[in-house]
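Asks: Sharing a model that was predicted from the sequence below.
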Protein chains: 2
Amino acid sequence: MHKITEVDMEKNILEENERIAQENRDLFKSKGVRAFNILGAIGSGKTTLIEGLKEIISEKEVGAIAGDLTGKDDSRRFKKRGMSSVSINTGKDCHLDAHYVNHALEEEDLDLDTIDILFIENVGNLICPVDFPLGTEKDVVVISVTEGDDMIRKHPLIFSRSELTVLNKVDLAEPMDVDLEIIEEDYREVNPHGTLIKTNAKDREGIKEVAEFLELPS
Amino acid sequence: MHKITEVDMEKNILEENERIAQENRDLFKSKGVRAFNILGAIGSGKTTLIEGLKEIISEKEVGAIAGDLTGKDDSRRFKKRGMSSVSINTGKDCHLDAHYVNHALEEEDLDLDTIDILFIENVGNLICPVDFPLGTEKDVVVISVTEGDDMIRKHPLIFSRSELTVLNKVDLAEPMDVDLEIIEEDYREVNPHGTLIKTNAKDREGIKEVAEFLELPS
């Protein structure tokens, strides 16, 4: 019995999320904001990627929403780099949903009238965010070679549903004995039409290619 | 309105989990099995830690349950090392729960009458498993220095509720410019009575200390 209720419940939650995601989408469109959902495990390099992209699109107003269980570390990093930014602390939720983002968009610190590009850094997790679109233009998953060469095979859904996968910290592949070809083959299998870009975000390698794929102004 | 239903739902699910966790606990006790829940993000080194512990307790029968969204990679690795092992594929669930484990314990490949030590490798995730005790004797969280020095600060709950945290891949701290002291300070703050052991599981450094803390036979 309890399984049925759980499934119904989940259906309601997902439908409600889709409704609010559409609200967000409409709001972004009416304000001329291009929004991107940046996903990936803790430590994969999401924050550093956003910092690197901000440098390339320096002429435009960039905003960033930082999703985390707790704390404001990432939001502070974004502000230091000249982005307007707010934190969303989810407590125990392992993902952002459209509702969280909708609330963040109402905050004074994010002025959608002036922002051109908005990055939404999701909670560090490769599993939970899959079912919760936020109303963004594209989803980008960031993975680090330090997570081992089986992370795509073990999380096929998130990679198959995202337009772009950024394979970060490629400079560590050799010292850590990680085979990039295995990762690339797995990626082609789970997402034959997707794009994989290799980066070393810390040293800003590959960031320009990411910006070009997302058609960001430079 | 829907928030209230969600909370009620969650309460039911957690109570049901606790009931089955107690069943598992009773079963382990009656069969003389010591069970451990091994938690941590993807790529943190959970599987390698279990392999290392198995080498130390080679005289005893060791079983391993491998929790993953999909695939049987880890279970195969355990079998190669002489452990009896079954996989639990959770599909989209970001954690094991007591019910999954209860089912796995019924499988022929795990003979609780002969097994002395059972490792349960949870789904790679630092968030979701927190609320779902499995009925094990102790919880061990494995983190890798490659996840950055903010992972404890960002996930306080899982570290505060687990008896032991294994800080793995310490050999990579220097090349990756990660400050181990920050991690250790954060750990003492979220879990003043917990134990943190530094390891390099691949080269079997620190594994003996982990085995001693868990009072495993050697």
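Replies: Nice, I can see it. Fair warning: this is a prediction, and the values are worked out from it, not measured in the lab. Numbering: from 1, shown residues only, chains lettered A, B, ... in the order given.
Asks: which of the residues in the lengthiest helix in chain A are buried?
Replies: The single longest helix within chain A, with elements called by DSSP state H, is helix A:2-31. Across helix A:2-31, burial judged by 16 or more other CB atoms under 10 Å in any protein chain shown covers A:9, A:13, A:17, A:20-21, A:24-25, A:27-28, A:31. C-beta: built from backbone N, CA, C; applies to glycine.
Asks: Out of those residues, which is nearest to chain B?
Replies: Lowest distance from chain B to the buried residues of helix A:2-31 (CB to the nearest CB) belongs to A:M9, with 5.4 Å.
Asks: Name the nearest residue to that closest one, sequence neighbours excluded.
Replies: The shortest distance from A:M9 to any non-neighbouring residue, by CB to CB, 6 or more residues apart in numbering or on different chains, is to B:M9 (5.4 Å).
Asks: and the buried residues of helix A:2-31 as a markdown table, adding pLDDT?
Replies: Shown next, in a markdown table, are the buried residues of helix A:2-31 (pLDDT from 0 to 100):
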| residue | pLDDT |
| --- | --- |
| A:M9 | 73 |
| A:I13 | 88 |
| A:N17 | 95 |
| A:I20 | 97 |
| A:A21 | 97 |
| A:N24 | 98 |
| A:R25 | 98 |
| A:L27 | 97 |
| A:F28 | 98 |
| A:K31 | 97 |
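Asks: got the residues of chain A near chain B?
Replies: Residues of chain A lying near chain B by CB under 8 Å from any CB of the partner chain: A:2, A:5-6, A:9, A:12-13, A:16, A:41-43, A:68-71, A:73, A:92, A:94, A:123-128, A:130-131, A:144, A:146-148, A:150-151, A:153-157, A:172, A:175-176.
Asks: do you know how far the residue nearest to A:M9 is from B:E16?
Replies: According to CB to CB, to the nearest Å, B:M9 stands 11 Å off from B:E16.
Asks: And for A:G45, the neighbour number?
Replies: A:G45: 25 surrounding residues under other CB atoms under 10 Å in any protein chain shown.
Asks: Show me the contact partners of the helix or strand where A:E185 lies.
Replies: Element membership for A:E185 (DSSP states H and E) is helix A:180-190. Outside helix A:180-190, the residues that touch it by CB atoms under 8 Å, 6 or more residues apart in numbering or on different chains are A:143, A:145, A:149-153, A:156, A:159-160, A:165, A:167, A:170, A:173, A:194, A:196, A:198.
Asks: If I look at the most centrally placed residue in chain A, what pLDDT would I see?
Replies: For chain A, the residue nearest the mean C-alpha position is A:I38 (0.9 Å; CA atoms, centre = their mean). In this model, A:I38 is scored at 98, pLDDT.
Asks: In this structure it contacts A:I50, no?
Replies: Yes: counting by CB atoms under 8 Å, A:I50 is a contact partner of A:I38 at 6.3 Å.
Asks: overlap in contacts of the two?
Replies: Counting by CB under 8 Å, 6+ apart, the common neighbours of A:I38 and A:I50 are A:119, A:121.
Asks: by contact count, what packs against the longest helix of chain A?
Replies: Contacting helix A:2-31 under the criterion 3 or more CB pairs under 8 Å, 6 or more residues apart in numbering or on different chains; DSSP states H and E are the following elements: strand A:34-40, helix A:98-104, helix B:2-31.
Asks: mind running it again at 7 Å?
Replies: Contacts defined by 3 or more CB pairs under 7 Å, 6 or more residues apart in numbering or on different chains; DSSP states H and E place helix A:2-31 against helix A:98-104, helix B:2-31.
Asks: Next secondary structure after the shortest one?
Replies: Heading C-terminal from helix A:98-104, the first helix or strand you meet, by DSSP H and E, is strand A:117-121.
Asks: Give me the angle between that following strand and strand A:34-40.
Replies: Angle of strand A:117-121 versus strand A:34-40, following axes from the mean of the first three to the mean of the last three CA atoms, to 10 degrees, is 20 degrees.
Asks: What helices and strands are in contact with strand A:117-121?
Replies: Here strand A:117-121 touches strand A:34-40, helix A:46-56, strand A:62-68, going by 3+ CB pairs under 7 Å, 6+ apart.
Asks: CSV please, covering these and showing distance to B:E55.
Replies: Formatted as CSV, those follow (distance: least, CB to CB, whole Å):
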stretch, distance to B:E55
strand A:34-40, 33
helix A:46-56, 36
strand A:62-68, 37
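Asks: closest one to A:N102 among these?
Replies: When the helices and strands packed on strand A:117-121 are compared by CB to CB, strand A:62-68 sits nearest A:N102, at 10.9 Å.
Asks: Show me what the closest one pairs with in its sheet, parallel or antiparallel.
Replies: Within its sheet, strand A:62-68 is paired with strand A:84-89 (parallel), strand A:117-121 (parallel), according to DSSP bridges.
Asks: Just the residues contacting the next helix or strand after that strand, thanks.
Replies: Counting by DSSP H and E, the next helix or strand C-terminal to strand A:62-68 is helix A:73-80. The contact list for helix A:73-80 (CB atoms under 7 Å, 6 or more residues apart in numbering or on different chains) reads A:47, A:50-51, A:64, A:66, A:68, A:85-87, A:121, B:150.
Asks: run the last query once more with 6 Å
Replies: Contact with helix A:73-80 is made by A:47, A:64, A:66, A:85, A:87, as judged by CB atoms under 6 Å, 6 or more residues apart in numbering or on different chains.
Asks: Setting the sequence-adjacent residues aside, check what's closest to the third one.
Replies: The one in question is A:A66. What sits nearest to A:A66 in space, not counting adjacent residues and going by CB to CB, 6+ apart, is A:D74, at 3.8 Å.
Asks: repeat for the fourth one
Replies: Using CB to CB, 6+ apart and skipping the chain neighbours, the partner closest in space to A:S85 is A:F78 (3.8 Å).
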